[in-house]
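**Q** Compute the structure for the input listed below.
(2 chains)
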Amino acid sequence: MDGIHDLGGMHGFGPVVREEDEPVFHHPWEKRAFGLEFFTGSRIGVTGDEGRHAIERLAPATYLTASYYEKWMLALQLLLEEHGVLTAEQIEQRMAELAENAHG
Amino acid sequence: MSENHRHNAPESDIALRVKAMEQLLTEKGIVDPAAIDLVVDYYETRVGPRNGARVVARAWSDPAYHERLMQDATAAIAELGFSGLQGEDMVVLENTPEVHNVVVCTLCSCYPWPVLGLPPTWYKSPPYRARIVREPRKVLAEFGMDVGDDVEVRVWDSSAELRYMVLPMRPEGTDGLSEDELAARVTRDGMIGVAPV
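**A** Numbering: from 1, shown residues only, chains lettered A, B, ... in the order given. Below is the predicted model of the structure:
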């Protein structure tokens, strides 16, 4: 697929930004995201190739602006919907409940 | 405790999304939070560039190991106990005075987990993936590594099937060093090929 993910050789990107003594994960949610990605695919019958393809199917603007683990999770949500495991509504509803509880 | 809670910044959309997905997938019996804890701990504390440094130090110290490493990297790396996910098929690229090797994954983030751990953010970033194949010398210079005009630069694009690790040149003046001392010299960036060792 000739998509935005095929970045090799593209012009227009600035310097490579590096972080001194970078931690393996930057936020607690990234750890959970890594774990979800690690286990979920094989449990719902998604192959590695299908998982990668899901990331490549994200909108180009999202692909370039979302953080790495954000991309993983947006792609995972897509696969969960496509495989009939969860709906977007279920996820949004649970997010609303969690936000509500946090403020309560 | 509720005081503490109130002072926390509201969770970001992505943090909430991940929490919601973990809860829902746990309720469906698809994931187990305790198993996630274990795998996170494993990749945070057990796997990382120290593993690759052992491989490099052994290759510098033991000619027979060096030969096995160049012939069948996956097997030679497994001899030291490093194998598994995202390292099933390994190729080691040896730097020489004539050739400098550097590794990228232009399409995403393929990286040899068993020997280097999870990749740094810059390795996965669009600027590195776009530029290292078009202007490798310039990018290497930005990393602080000037490669002479008489040295050929080879850029290797990793794939889902094949993962690369660079075997840096052994530094001058390290003849008397033990394998442990040599391993301490080896850096992650040296094994990606963006820094000398």
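
**Q** Mind listing residues that contact stretch B:65-73?
**A** B:55, B:58-60, B:75-77, B:79, B:90-92, B:94, B:165, B:167 (C-beta atoms under 8 Å, 6 or more residues apart in numbering or on different chains). Glycine gets a C-beta too; all of them are placed from N, C-alpha and C.

**Q** switch to 7 Å and redo it
**A** B:V55, B:R58, B:A59, B:A76, B:M90, B:V91, B:V92, B:E94 (C-beta atoms under 7 Å, 6 or more residues apart in numbering or on different chains).

**Q** tell me the centre residue of chain B?
**A** B:L116 (3.2 Å; C-alpha atoms, centre = their mean).

**Q** you'd agree that one is up against B:P49?
**A** Yes: with contact defined as C-beta atoms under 7 Å, B:L116 and B:P49 form a contacting pair (5.3 Å).

**Q** what's the overlap in contacts for the two?
**A** Common contacts of B:L116 and B:P49 (C-beta under 7 Å, 6+ apart): B:R188, B:M191.

**Q** domains in chain B, as residue ranges please.
**A** B:12-45, B:50-192 (automatic domain parsing).

**Q** Take these and write them to a markdown table, including mean pLDDT.
**A** Shown next, in a markdown table, are these (pLDDT from 0 to 100):
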| stretch | mean pLDDT |
| --- | --- |
| domain B:12-45 | 97 |
| domain B:50-192 | 96 |
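
**Q** Out of the ones you listed, the one nearest A:V17 is which?
**A** Of all the domains of chain B, it is domain B:50-192 that lies closest to A:V17, at 6.3 Å by C-beta to C-beta.

**Q** Buried subset of the contacts of stretch B:65-73 as a PyMOL selection?
**A** Buried residues among those (16 or more other C-beta atoms under 10 Å in any protein chain shown), as a PyMOL selection:
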select buried, chain B and resi 55+58+59+76+90+91+92
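
**Q** which among the contacts of stretch B:65-73 gets closest to chain A?
**A** Nearest to chain A among those, counting by C-beta to the nearest C-beta, is B:M90 at 16.9 Å.

**Q** Could you verify my assumption that the closest one touches B:R163?
**A** Yes: counting by C-beta under 7 Å, B:R163 is a contact partner of B:M90 at 5.5 Å.

**Q** Between those two, which contacts overlap?
**A** Jointly contacting B:M90 and B:R163 under the rule C-beta under 7 Å, 6+ apart are B:P112.

**Q** Residue 56 - how many residues pack around it?
**A** Just so you know, I chose chain A. By the measure other C-beta atoms under 10 Å in any protein chain shown, the count of residues near A:E56 is 16.

**Q** Not quite, go with chain B.
**A** 28.

**Q** residues near the spatially closest residue to it that is not a sequence neighbour, how many?
**A** Excluding its sequence neighbours, the residue lying closest to B:V56 (C-beta to C-beta, 6 or more residues apart in numbering or on different chains) is B:V186, at 4.7 Å. B:V186: 23 surrounding residues under other C-beta under 10 Å.

**Q** Would you confirm that B:V186 contacts B:V55?
**A** No: at 8.8 Å, B:V186 does not count as touching B:V55 under the criterion of C-beta under 7 Å.

**Q** Find the nearest non-adjacent residue to B:D180, please.
**A** Of all residues not flanking B:D180 in the chain, B:A57 sits nearest, at 7.4 Å (C-beta to C-beta, 6+ apart).

**Q** what about that neighbour, neighbour count?
**A** With other C-beta under 10 Å as criterion, B:A57 counts 24.

**Q** Please tell me I have it right and it contacts B:L182.
**A** Yes: the criterion here is C-beta under 7 Å, and B:A57 meets it with B:L182 at 3.9 Å.

**Q** need the contact list for the most centrally placed residue in chain A.
**A** Centroid-nearest residue in chain A, with C-alpha atoms, centre = their mean: A:W72, separated by 2.1 Å. By C-beta under 7 Å, 6+ apart, A:W72 lies in contact with A:A33, A:E37.
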